[in-house]
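**Student:** fold the following, please.
(2 chains)
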Amino acid sequence: MGHGKIRARLRSSLYTFSCTNAPKKSVEFDELQGPGFSRVVMCNQPLLYKYRNNSTSTTKYNALTFLPIALFEQFNRVANIYFLIAAILSVTPYGPYNPISAIAPLAFVVGLSMVKELLEDWQRMLQDWKVNMRPALVYNANGSFETQPWKKIKVGDVVKVEKDTFFPADLLLLSSNYDDGICYVETMNLDGETNLKVKRAMDVTLDLDNDASFQDFKATIKCEDPNPSLYTFVGNFEYDKKIYPIDPSQILLRDSKLRNTSYVYGVVIFTGHDTKVMQNSTRSPSKRSRIERKMDKIIYILFSVLVVVSLVSSSGFAYMTKYKMPDWWYLHAPDNKDLYNPDKPTVSGFYHLITALILYGYLIPISLYVSIEIVKVLQASFINQDMHMYHEETETPALARTSNLNEELGQVDTILSDKTGTLTCNQMDFLKCSIAGIPYGQGASEVEAAAVRKMSMDLDAEDFDHFSSEDSTYEEEVELETVVTSNDQDHKRRIKGFSFEDNRLTSRCWWKLPNPDVHFLFFRVLAVCQTAIPEENHETGEYNYEAESPDEGAFLVAAREFGFEFIKRTQGSVTVREADPSSPEPVERDFKILNILEFTSKRKRMTVIVRDDKEEIFLFCKGADTIIFDRLSDKGRTYEKATTKHLNDYGEGGLRTLVFAYKKLDEDEYRSWNSEFQKAKNSVSSDRDDVLEDLSDKMERELILVGASAVEDKLQQGVPQCIDSLAQAGLKIWVLTGDKMETAINIGFSCSLLRQGMHQICISTKDMLANESVQNTKSDILMQITDGSRMMKEETDPDAAYALIIDGKALTYALDEELKTQFLKLAVACASVICCRVSPKQKALVVRLVKEGTGKTTLAIGDGANDVGMIQEADIGIGISGVEGMQAVMSSDFAIAQFRYLERLLVVHGHWFYKRIAQMICYFFYKNIAFGLTLFYYEICTAFSGNSVYDDWYMILYNVAVTSLPVMSLGVLEQDVSSEICLEFPALYQQGPKNLFFGWYRIIGWMCNGVYTSVVIFCLTIFIFSDPPYRSEGQTPDMSIVGATMFTCIVCAVNTQIALLLSHFTWIQHCFIWGSIVVWFSFLIIYGVILPETSTGSYQVFTETLAPTPLFWMTILLVVMASVIPYFIHASLLRSFQPEDHHIIQEIKYLKKDVLDRRMWRRERRKGRHTAKIGFSARVDAKIRQLKGRIQKKGAHLAPQEML
Amino acid sequence: MASEERSSLSAGVESHRAPVPVHQFKQQNLPACKPVLTPAWVITTYFLIGVLFIPIGFISLRASMGVVEIVDRYDTECVPNSYKSDKVAYVKDMSVSKNCTRYLKVKKRMKAPIYVYYELDNYYQNHRRYVKSRNEQQLLHGLRYNSTSSCRPLELNKGLPIVPCGLVAWSLFNDSYSFSRGAEKLNVNRKNIAWQSDRDHKFGKKVHPFNFQNGTLIGGGKLDSRIPLSDQEDLIVWMRTAALPSFRKLYGRIEEDLDEDDVVIVNLLNNYNTYSFGGKKKIVLSTSSWLGGRNNFLGMTYILVGASSMFIALVFLLLHKLSWARQ
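**Tutor:** So this is what the prediction gives:
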């Protein structure tokens, strides 16, 4: 959290080109001692102090710790501990079977998980190795720079870093190829920002600018200890017996890149894990999916079943031992050990309990965890490989950073989205402006265009029928898309960031306009009041700008087009080439920058104080309208009224606005203020920032308004369509943005979160006086909330939709303990919610409120460092791995390149994953219950003695070989409907949030099925194979024959069951399912031919006794059929008389009704369209409903959809 | 680092140049058959199950009915009246003659081979302690193999190993039967009653009983130490432990037909102690069919499953007709 603030601070400190570069007062040496400030770096004498070396390791384990740590993690799971104890106990005489049967599956399962861990760690190690072996130029004792791998770099080394390479460690910048010691740095890997930042060396070290000058370089740096704060640095530099303070702008951080600078020299301060970037790397909090948490509960249930069954069994045993066993002379009891001692039945019972607990362990699916893990890794690779989520332009595939949450993607209820960079592309187009109360700019914003488009579409709707019905939605999308892209192309033909169309201004003759002096000042503010860096494009001779925000870039481009071309920035000045009435050629003018008062989200304004070529001092200011209007002088309000009107117009058009103002300063006035300001700046007191803030505030008053600008925040490709389908999928979408309410509402309109006819409930703090008490505000907010709720309650129209818009200030109160439940209730009832002006922290709080308040799955999506909090807080965090960089991605669970891929990620992958995992877990329980209970039934037949009818090897094979692959193919490959249909019928997604496939009804159902199967298998086999001979040769069945038959029945039955469960058979499923049965028979054959001492009863059991016996085969057929028939009846009844959505669609597809009968229901669908709530969503909903009505004679209906 | 990660990933995605099946797999787009349980399919399936199962049921029921079985419980009848109150004492008393004669009337013509079984009841041959108490290695290799701890509590006797060791062998069934029809003796073939594989591979051809039934407590039958284990078929049959507490084991074959109303006289030695635990002893004469012995259960279940499938098919058909009609 708080990343936004930090980022703002980073900017501010980087862009303070304060001319007052006078030596600041150094921090006293004494202050830099004691805890937290102990580091001493002897420059160029790296061996004097011993600090960690520069090699880094991100691996979880090393060769020594791998086994203990990885094992510990494995046995952190309850089930694994149980199996471990079971394995240990099975070595004792109480073990019901061969110890190998207990140890082998456990070893297999744990081994597999550990191999997976090992491979992952190996990948990390390779990556570390690559990083550690990167070459760096390090100064050596011989007086030259030699290439060494990164890991060899030591604290105190002088290194030379060349253009476009990464800094190997945290460095103190000494000098660069520029005379003034500046260098440009790209910090994308740290904070995700792509714009360049300027770093500047201290004046004293500027002369160390060639390789030779380091011969006698000796200096000492005393500084803070390693810490994760990227934007602060406290330290002193002692050189030539003088002490200089170091500030963060002289620190070059590891993993940032040198740009636009040929080389720099630096001294290593922090190495390896001490560097700020490594200190910052935290493992994102591990999240577990809802299904897995529920699965744990089921495992506990099974544990209880296990305990109960074991208790029954051991009491039975105790009873038998006491009353019956003394008569059974053939058992030769009593025993000298207490195992079979009729005199001590409790002791025998206790020992037997141990045996039973191990024996019935088959009720707990040992391989469940590892199977799920493997399945999820494979699923995640499907996300990574999906070509439909691969962004060609940036060559970015989707990336599942964790595979824990795959199925959670299918259960999302609420999406909380950032706006900038997520819904919009963070690319600004200068579109309109208002100067001296005159509006300029004729281009239409996208919102306006969208409105026009929507209207024309409604008109077209009448003619929709002639589209081929198959891909109507698709065509609509294409239509939309072409409009959008054609717009894009239009823009590209012109200038990036500039869509302004108005000859009055672009003709570069400002002096011919009315109020020329105001226009002149407007342009000048535009060109001078900024912190960008110009870059000359050598081909065109034009300048491009590296600006801190895209708005600023747009302003500079606009200024350039208006004839005020910013061409150069030096340490203390900017140079602007200005169109001038006095000369035909533009005039270059230098402005000495005296002060820059930075833009922060708190201040919402930025000011520069400059001295122009006429030695006059000006203050130029740009900022948010409300802020600037508050600071205007009385005579500066000439254009306020007209400008306000224009600002409102722009706001309605979805544009971002800024207001420009200036003031002229007296030399004396400035000087007195500046001295105070410098003093405050150089002070080291803790309230320094507050004092500076106050002083800035004092200066930025009595301004004169010149005009306002409007830039357009462009929507990302496909966003409205994506939001439409997500809405059809029943997802609620909340937008959390830092923008102001009007902009947010406009974006809401353009991405169809809002629409005409929707009731908007706006909650905001009234423009009240500052002294209004907190309590009053709170009650005011409460009133607004209750009003809104009442309004909704009184609404009679079932189709009415509400939207809630709340601003950051009101949100502070709404998130308060007292109000938050009411607020949440209202918000949940609304179709869409937009929170504007929210801070990063509030974003996280809103996510928490929704997550905890509704108990449903939340998904947060964002791209910037300010979204990190909410991404980590949400059940699923998604980072946009687009332009803004890696910060959000690094803390996310999934990364996609564009917002529109969210649709596929959720509606296709999420939907599949959810069903796959849910069915997989249910089936797992089913198959283990089906098997485990037969052991118990047989127990009863053996006087509870703890004997099993199966050979030990059969039991080992059960979980490992003969049932594991089919269920994994279910988990990896099952598709209820194809991806196209998922996209076409997003309402199918609701099966996830409603948890139709992992509700208790399903789980219990599957468990009952398991119980039933076990009963059928056991009883039928036992009754058929009881006393009478089972072959024409007269032999009677013995234990090994009954065991092998029963086990064959189980293998066939559970594999037939999964075949019935699947609805999607590729050759892989066929291979696995039928292959498992084949594997079982081959095992039986192979096991039968090895040494009879090993296979004992199973020796040649198949070839000699079972295979030639008709009864054996007839039993299998009978048992398999009898055990799957109830499921089959249930499934077919359900499908015929109470079908689920995907059943209907499968059936339509199967019968090809979608092709044959589409025209008719399309027409019907269109009739219902006007009454429906919004565009696509309502349409497709009707689609499903009508299809359902068509196929299903009985009126099964879709669950009501959340409509937008 | 991040950029490297990205490039390696995009290299992964480049795999669309991979062979088509691999690509289809990665895009989850493999050709697949998607069976759908349409009403037509469901009804057909149930109907087919019915059509298949009911005939199978009747055929196997017929086979089972064709089997003639004579079961005679003799454990109570074979105890002299004086011992009726204390049967255990009778069976334990070595001095009392254990001879007993039973008359079995053949109700229906029985075709050779007629299998002779003994049937025990309430006898937990599947008890864990019992099942484990044997040693396969020793049975095959005899005295050469001496780690026979699994045979406990009957591993050693007087410090010498027992061959065959363990409870199973020790409790060998030792009632014996001989049959006659009138004055004519009926030959009982007691060869080939055990599995071929057991005789050839599990019981040693050169392993002779040793130190067997020499202890203070004598369990069941004794073995002729001159005959190798592989030829002791009674033992081999006995050692195949039964799955359930009530079981039959093959005793031998009568290789002559028996006619209706024939009376088979069984002379038996009632040695085996089932009286301590109240188990029944029966002698069974049975013919066999292709299905084995008399086993009506299988046929009945087949018919039941088949019939219920048919029934469900009809119900489905009706329901669909109805809902169709309603529409």
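
**Student:** quick one: least confident helix or strand in chain A?
**Tutor:** Using mean pLDDT, DSSP states H and E, helix A:3-14 stands out as the lowest-scoring helix or strand of chain A, at a mean of 34.

**Student:** after that one comes which helix or strand?
**Tutor:** Sequence order places strand A:39-43 as the next helix or strand after helix A:3-14, per DSSP states H and E.

**Student:** contact partners of that following strand?
**Tutor:** Residues external to strand A:39-43 that are found in contact with it (CB atoms under 8 Å, 6 or more residues apart in numbering or on different chains): A:48-49, A:51, A:155-156, A:158, A:217-226, A:235, A:267-269. C-beta: built from backbone N, CA, C; applies to glycine.

**Student:** next, the buried residues of the helix or strand following it.
**Tutor:** Using DSSP H and E, the helix or strand that follows strand A:39-43 towards the C-terminus is helix A:66-74. Within helix A:66-74, the residues scored as buried using 16 or more other CB atoms under 10 Å in any protein chain shown are A:66, A:70, A:74.

**Student:** longest helix anywhere in chain B?
**Tutor:** Selection of the longest helix in chain B by residue count, based on DSSP state H, yields helix B:296-326.

**Student:** what is the neighbour count of the residue of the stretch 201-327 of chain B found nearest chain A?
**Tutor:** Here the stretch 201-327 of chain B gets closest to chain A at one residue, residue B:293, 3.3 Å apart by CB to the nearest CB. Using other CB atoms under 10 Å in any protein chain shown, residue B:293 has 25 other residues around it.

**Student:** test my guess that it contacts residue B:67.
**Tutor:** Yes: the criterion here is CB atoms under 8 Å, and residue B:293 meets it with residue B:67 at 5.8 Å.

**Student:** quickly list what's touching both of these two.
**Tutor:** Shared contacts of residue B:293 and residue B:67, defined by CB under 8 Å, 6+ apart, comprise residue B:286.

**Student:** secondary structure of residue B:264: a helix, I assume?
**Tutor:** No: per DSSP: H, G, I helix; E, B strand; the rest coil, residue B:264 lies outside any helix segment and is strand.

**Student:** residues in contact with it?
**Tutor:** By CB under 8 Å, 6+ apart, the contact list for residue B:264 reads B:70, B:103, B:104, B:105, B:106, B:179, B:180, B:181, B:186, B:258, B:285.

**Student:** now the element after the lengthiest helix in chain A, going C-ward?
**Tutor:** When chain A is scanned for its longest helix (criterion: DSSP H), the result is helix A:99-132. Downstream of helix A:99-132, the next assigned helix or strand under DSSP H and E is strand A:135-139.

**Student:** give me the helices and strands touching that next one, please.
**Tutor:** Strand A:135-139 sits against strand A:145-149, strand A:158-162, with contacts defined as 3 or more CB pairs under 8 Å, 6 or more residues apart in numbering or on different chains; DSSP states H and E.

**Student:** next one: the first one, is it in contact with chain B?
**Tutor:** So that's strand A:145-149. No: Strand A:145-149 is not in contact with chain B by CB under 8 Å from any CB of the partner chain; minimum separation 15.5 Å.

**Student:** just the C-alphas of that strand, formatted as PDB.
**Tutor:** Taking Å, rounded to 0.1, in the frame of the first residue of the first chain, the C-alpha atoms of strand A:145-149 are listed here in PDB:
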ATOM      1  CA  PHE A 145      38.300  -1.300 -15.700                       C
ATOM      2  CA  GLU A 146      38.000  -5.000 -16.200                       C
ATOM      3  CA  THR A 147      35.000  -7.100 -16.900                       C
ATOM      4  CA  GLN A 148      33.800  -9.200 -14.000                       C
ATOM      5  CA  PRO A 149      30.600 -11.000 -13.300                       C
END
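
**Student:** the residue positioned nearest the centre of chain A: which element?
**Tutor:** With distances taken as CA atoms, centre = their mean, residue A:878 lies nearest the centre of chain A, 2.0 Å away. Secondary-structure assignment from DSSP H and E places residue A:878 in strand A:876-880.

**Student:** could you do residue A:803 as well?
**Tutor:** Counting by DSSP H and E, the element that carries residue A:803 is strand A:802-807.

**Student:** that strand pairs with which strands, and in what direction?
**Tutor:** Here strand A:802-807 is paired, per DSSP bridges, with strand A:759-763 (parallel), strand A:832-836 (parallel).

**Student:** and these as JSON lines, adding mean pLDDT and mean neighbour count?
**Tutor:** Shown next, in JSON lines, are these (pLDDT from 0 to 100; neighbours: other CB atoms under 10 Å in any protein chain shown):
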{"stretch": "strand A:759-763", "mean pLDDT": "83", "mean neighbour count": "19"}
{"stretch": "strand A:832-836", "mean pLDDT": "87", "mean neighbour count": "26"}
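
**Student:** quick one: closest of these to residue A:440.
**Tutor:** In terms of CB to CB, the element of these nearest to residue A:440 is strand A:832-836, at 27.3 Å.

**Student:** how about residues contacting that closest one?
**Tutor:** Contacting residues not belonging to strand A:832-836 are listed as A:732-741, A:743-745, A:748, A:753-754, A:758, A:803-808, A:811, A:827, A:842, A:846, A:1204 [CB under 8 Å, 6+ apart].

**Student:** of these, which belong to strands?
**Tutor:** If you go by DSSP state E, the contacts of strand A:832-836 have A:732, A:733, A:734, A:735, A:736, A:803, A:804, A:805, A:806, A:807 in strands.

**Student:** run through the bridge partners of the first one.
**Tutor:** Going back to what we said before, that points to residue A:732. Taking DSSP bridges, one obtains residue A:414 as the residues bridged to residue A:732.

**Student:** how about the contacts made by it?
**Tutor:** Listed by CB under 8 Å, 6+ apart, the contact set of residue A:732 reads A:413, A:414, A:415, A:828, A:831, A:832, A:833, A:1202.

**Student:** how about 10 Å then?
**Tutor:** By CB atoms under 10 Å, 6 or more residues apart in numbering or on different chains, the contact list for residue A:732 reads A:412-416, A:726, A:827-828, A:830-833, A:850, A:854, A:856, A:858, A:993, A:1202, A:1204.

**Student:** residue A:877 too?
**Tutor:** Neighbouring residues of residue A:877 by CB under 10 Å, 6+ apart: A:284-285, A:287, A:401-402, A:405, A:847, A:858-862, A:867-871, A:888-889, A:891-895.

**Student:** for it, which non-adjacent residue is spatially closest?
**Tutor:** Nearest residue to residue A:877, sequence neighbours excluded (CB to CB, 6 or more residues apart in numbering or on different chains): residue A:871, at 3.2 Å.

**Student:** residue A:220 - that's part of a strand, no?
**Tutor:** Yes: with three-state DSSP as the criterion, residue A:220 is part of a strand.

**Student:** beta partners of it?
**Tutor:** Taking DSSP bridges as the rule, residue A:220 bridges to residue A:42, residue A:238.
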